[in-house]
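Asks: Predicted model, plus sequence, below.
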Amino acid sequence: MIDPIVKFVYDNIDVDFTLEDWATRIADWEFKPIYQDSNLAAVVMVKGNEVHVVVDKKYRGKWLSRKVIRNILGTIIKEYGHVITSTGFGDEDAAKFIERLGFEPEVTVYKLEKLKHIKEVICHQQPEQ
């Protein structure tokens with residue numbers, strides 16, 4: 001049976017996996033639920049010094065407190081010296097949020113899924129010997 005907190009996260013993100021596949025992929029992450037008025041408002045996912053946050057839409061801007069920042073991020077900084085996170089390219093709202101928390105951008109990662117200027121067959125041919 002899937003943990004309700006794992007299902008909450010899955011229901012509030014965009015992934016191409018089934019719930020069961022996704023739950024297997026994130027099994028080594030720690031989930032820190034944040035409640036508002038007895039309702040699950042957000043979940044902070046932690047693995048080592050990496051964090052990601054999933055928030056119920058109706059609690060955006062209402063779930064984060066200094067206590068949460070101190071308890072979660074402060075603990076990670078104390079242990080690892082820094083916290084890392086990432087956001088999708090072009091997600092300006094997420095970038096503004098994490099920068100307001102004090103995160104600074106460090107690298108840009110690009111992803112290539114399809115060749116646009118070369119026939120794909122050429123790339124997979126074996127080199128002549």
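Replies: Great, that's in hand.
Asks: only C-alpha atoms for contact and neighbour calcs from this point on.
Replies: OK.
Asks: The chain: helices as residue ranges?
Replies: Using DSSP state H, the helices of the chain run over 4-11, 19-25, 66-68, 75-80, 92-100, 120-124.
Asks: Dump those helices into JSON lines; add distance to V107, mean pLDDT and mean neighbour count as well.
Replies: Compiled in JSON lines, those are given as follows (distance: least, Cα to Cα, whole Å; pLDDT from 0 to 100; neighbours: other Cα atoms under 10 Å):
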{"stretch": "helix 4-11", "distance to V107": "26", "mean pLDDT": "91", "mean neighbour count": "16"}
{"stretch": "helix 19-25", "distance to V107": "24", "mean pLDDT": "90", "mean neighbour count": "13"}
{"stretch": "helix 66-68", "distance to V107": "26", "mean pLDDT": "88", "mean neighbour count": "11"}
{"stretch": "helix 75-80", "distance to V107": "19", "mean pLDDT": "96", "mean neighbour count": "14"}
{"stretch": "helix 92-100", "distance to V107": "13", "mean pLDDT": "91", "mean neighbour count": "13"}
{"stretch": "helix 120-124", "distance to V107": "28", "mean pLDDT": "59", "mean neighbour count": "9"}
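Asks: now the end-to-end length of stretch 36-56.
Replies: 11 Å (Cα to Cα, to the nearest Å).
Asks: Name the residues that touch it?
Replies: For stretch 36-56, contacts defined as Cα atoms under 8 Å, 6 or more residues apart in numbering pick out 5, 9, 12-13, 28-35, 58-59, 63, 76-77, 80, 82-86.
Asks: which of the residues in it are buried?
Replies: When neighbours are counted by 16 or more other Cα atoms under 10 Å, the buried residues of stretch 36-56 are found to be 40-46, 49-51, 54-56.
Asks: Return the member of those residues nearest to R100.
Replies: Nearest to R100 among these is V51, at 15.4 Å by Cα to Cα.
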